[in-house]
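*Asks:* predicted model, plus sequence, below.
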Amino acid sequence: MKFLPSLLCLLVFLLISGCANYQKDLQHFDTLYYNQDPAKAYKFSQKFANNSLLWGIQNGVSGFMSGDYQQSLQTLDSAENTLDKNQAQGIFASSLDNTGATLFNDNIKSYHGNIYEGILINYYKALDALLCDDLSRARVEFNRANDRQRRAKEYYQKEIQKAIQADLNANKDKQEMLSNNTDTNASEKKINNILDKQYSNLKNFQSYTDFINPLVSYVSGLFFSLQGDPKGIDLLKESYGINHSSIIGTDILSFQGNPNKNKPHTWIIIEDGQSPLKEELTLQLPLILLNGESYFFMLALPQLKDGKSFYTNFQLEGKSTQNFEEISVFDGVIANEFSKQLPYILTRAILSASYKAYMQSLLYQTAGNIGGLLGVVFSAITTSADTRITSVFPHKAWLAKISNDTKNITLRGDGRDIFSFELITCPQDTTPLSSPQDPSQPIATKDGFKICKNTNNVLYVRTTKNNIIPKLLIGEKL
């Protein structure tokens, strides 16, 4: 028993140092990805990709941005397999993991992933496949992405309540101890009032309540429609129902008509900014004992930090000026799923923190000031929110569409030229000068490239703080 305090201190030290290093690595990745060169972030994340779902996603998407499409597909395949296994077991961890996390915090659990990440894994795999000229693989991945969106709502309705009940059962002894010694009704009322104020911003995304990412629906719908598959119309309508984009509205009308009569167009899809991150919210909350005494304990919870844009607006300059339309805000997609997880997160965090507070009162009663002090120290250093989240996704998606009768086109962001391309007439046997699978293709500058005007084209552009990354998903480039 005399070694127990030392052992406990060692475990706490390892926990804290491990979490600190993990966050430091994620921050370094973000600096490389958004401020320097995605290829550097891709290389940095390779050493972590095989051991962590979160890092696998980071590495797979940064591989796509860097042009290593085949390897990106393999990495995202592995991440998808891990995510599917986790979701088959339940949204959250096993009861053994949960019991340990109740005593310490959720950071000791492995990262299990989110449904929106699974959807985006399939979305980026579809883009990888398009750039590898594998249309059948792209079709499969788009179908999987949209199937995940359809199943998500039903999945969460079942899994959240099951997870909460499983966690309560795993910690039944702690729950009974608290119920027998605390006024739970009085405590919960005060706690709920505080939490309602802290998470009121989650109500701002009502249009994203059904787990549908309108970007995924739109790009999938555009792909299928350009392939002559009627399922594309329903996906376009699904996206339009959320963002009410006039461009998507005209797409629906043109594809519902006779697509063969439509003149060739070029669609430009921009992914800009950085998706929301999580930060720790620390609150002091009351635990009211049955004898009337009140103990205040620290509660650490994850809170979404708004995503950030690198540009506030985009325009196309050709024969005339055309504004891009905003078609997806990732804050809404992520906040919707986070709000569904919140009851479970709160249940676990409150149980953990209140149990530590009650044990602190017992230590004080049995060991005096020293016992109380040990309880306070242990509670303070083990109370930490799980703020792990993938950071590689965009903040917003933008859309523009232009007829191919314009020759020189310039993309402008916040009033300045950031990229240009030229639409030219190509011979029927045109062969692109660079292989779409070539990972050494450089990040484009505003000098741009040439695209064939004979066919429909879909141009993808990713904007980071210091880079413009264009990729021709559909069409021919010289």
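*Replies:* Everything's here; your move. Numbering: from 1, shown residues only.
*Asks:* tell me what the closest residue to residue 263 other than its chain neighbours is bridged to.
*Replies:* With sequence-adjacent residues excluded and distances taken as Cβ to Cβ, 6 or more residues apart in numbering, residue 263 is closest to residue 403, at 6.2 Å. For every residue, glycine as well, the C-beta is placed using N, CA and C. Per DSSP bridges, the residues bridged to residue 403 are residue 265.
*Asks:* kindly report the same for residue 272.
*Replies:* Here residue 272, judged by DSSP bridges, has bridge partners residue 396, residue 463.
*Asks:* before we move on, what about the one 5 residues further on?
*Replies:* With DSSP bridges as the criterion, residue 277 is bridged to residue 305.
*Asks:* wait, it touches residue 389, no?
*Replies:* Yes - counting by Cβ atoms under 8 Å, residue 389 is a contact partner of residue 277 at 5.8 Å.
*Asks:* who does the host helix or strand of residue 315 pair up with?
*Replies:* Using DSSP states H and E, residue 315 falls within strand 314-317. When pairing is defined by DSSP bridges, strand 314-317 lines up against strand 321-323 (antiparallel), strand 408-413 (antiparallel).
*Asks:* so which of the ones you listed is the most surrounded?
*Replies:* Per-stretch averages of neighbours, counted by mean count of other Cβ atoms under 10 Å, single out strand 408-413 among these, with a mean of 20.
*Asks:* following element in sequence after it, please.
*Replies:* In N-to-C order, the element after strand 408-413 by DSSP H and E is strand 416-424.
*Asks:* got the phi/psi numbers for the closest residue to residue 330 other than its chain neighbours?
*Replies:* Excluding the flanking residues, the one nearest residue 330 by Cβ to Cβ, 6+ apart is residue 275, at 4.4 Å. The phi/psi pair for residue 275 (degrees, to the nearest 10) reads phi -70, psi 170.
*Asks:* now swap in the one 4 residues further on and tell me
*Replies:* In this entry, residue 279 is assigned phi and psi values of phi -130, psi 160 (degrees, to the nearest 10).
*Asks:* how much space between it and residue 30?
*Replies:* Distance of residue 279 to residue 30, given as Cβ to Cβ, to the nearest Å: 14 Å.
*Asks:* looking at the two, which is more packed in?
*Replies:* residue 30 (16 against 13; other Cβ atoms under 10 Å).
*Asks:* what helix or strand does that one sit in?
*Replies:* helix 4-30.
*Asks:* circling back to that earlier point, dump the residue contacts of the residue nearest to residue 330.
*Replies:* 307, 330-331, 334, 390-395 (Cβ atoms under 8 Å, 6 or more residues apart in numbering).
*Asks:* any idea of the pLDDT on it?
*Replies:* Per-residue pLDDT puts residue 275 at 97.
*Asks:* can you pick out the most distant pair from the contacts of residue 275?
*Replies:* 331 and 392 (15.4 Å; Cβ to Cβ).
*Asks:* quick revisit: wait, the residue nearest to residue 263 sits on residue 254?
*Replies:* No - using Cβ under 8 Å as the test, residue 403 is too far from residue 254 to be in contact (11.6 Å).
*Asks:* assumed residue 310 was part of a helix.
*Replies:* No - assigned with DSSP: H, G, I helix; E, B strand; the rest coil, residue 310 falls outside any helix and is coil.
*Asks:* just the pLDDT at residue 349, thanks.
*Replies:* 76.
*Asks:* isn't it up against residue 302?
*Replies:* No - look at residue 349 against residue 302 with Cβ under 8 Å: they stay out of range, at 9.1 Å.
*Asks:* next, show the common contact partners of these two.
*Replies:* residue 385.
*Asks:* number of nearby residues for the residue nearest to residue 263?
*Replies:* Neighbours of residue 403 (other Cβ under 10 Å): 14.
*Asks:* if I look at it, how far off is residue 416?
*Replies:* 25 Å.
*Asks:* and the gap between residue 217 and residue 151?
*Replies:* Taken as Cβ to Cβ, the span from residue 217 to residue 151 is 14 Å.
*Asks:* more neighbours: these two, which one.
*Replies:* residue 217 (28 against 13).
*Asks:* what residues are up against the more buried one?
*Replies:* Residue 217 neighbours (Cβ under 8 Å, 6+ apart): 146, 149, 235-236, 238-239, 242.
*Asks:* can you give me the helices for the stretch 1-150 of the chain?
*Replies:* Remark: helices assigned in the stretch 1-150 of the chain by DSSP state H, counting those that start in this stretch are 4-30, 38-45, 53-66, 69-89, 95-103, 115-131, 135-170.
*Asks:* neighbour count: residue 331 and residue 392, which is higher?
*Replies:* Per other Cβ under 10 Å, whichever of residue 331 and residue 392 has more neighbours is residue 392, with 25 against 22.
*Asks:* test my guess that that one contacts residue 66.
*Replies:* No - Residue 392 lies out of contact with residue 66 (Cβ under 8 Å); the separation is 11.7 Å.
*Asks:* and the residue nearest to residue 402 when sequence neighbours are not counted, what's its pLDDT?
*Replies:* Computed as Cβ to Cβ, 6+ apart, the closest residue to residue 402 that is not its neighbour in sequence is residue 266, at 5.4 Å. The per-residue pLDDT reported for residue 266 equals 96.
*Asks:* distance of residue 266 from residue 116?
*Replies:* 29 Å.
*Asks:* which ones are touching residue 331?
*Replies:* Residue 331 neighbours (Cβ under 8 Å, 6+ apart): 205, 275-276, 304, 306-307, 395.
*Asks:* buried among the residues you listed? Need that as a selection in ChimeraX.
*Replies:* Listed next is the ChimeraX selection for buried residues among these, using 16 or more other Cβ atoms under 10 Å:
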select :205,275,276,304,307,395
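*Asks:* turn the contacts of residue 331 into a markdown table, columns for distance to residue 224.
*Replies:* As requested, the contacts of residue 331 are exported to a markdown table (distance: Cβ to Cβ, whole Å):
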| residue | distance to residue 224 |
| --- | --- |
| 205 | 27 |
| 275 | 26 |
| 276 | 29 |
| 304 | 32 |
| 306 | 33 |
| 307 | 28 |
| 395 | 26 |
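*Asks:* tell me which of the contacts of residue 331 is nearest to residue 82?
*Replies:* Using Cβ to Cβ, residue 275 comes nearest to residue 82 of those, at 20.3 Å.
*Asks:* quick one: least confident helix or strand in this structure?
*Replies:* Lowest on mean pLDDT, DSSP states H and E among the helices and strands of the chain sits helix 95-103, with a mean of 47.
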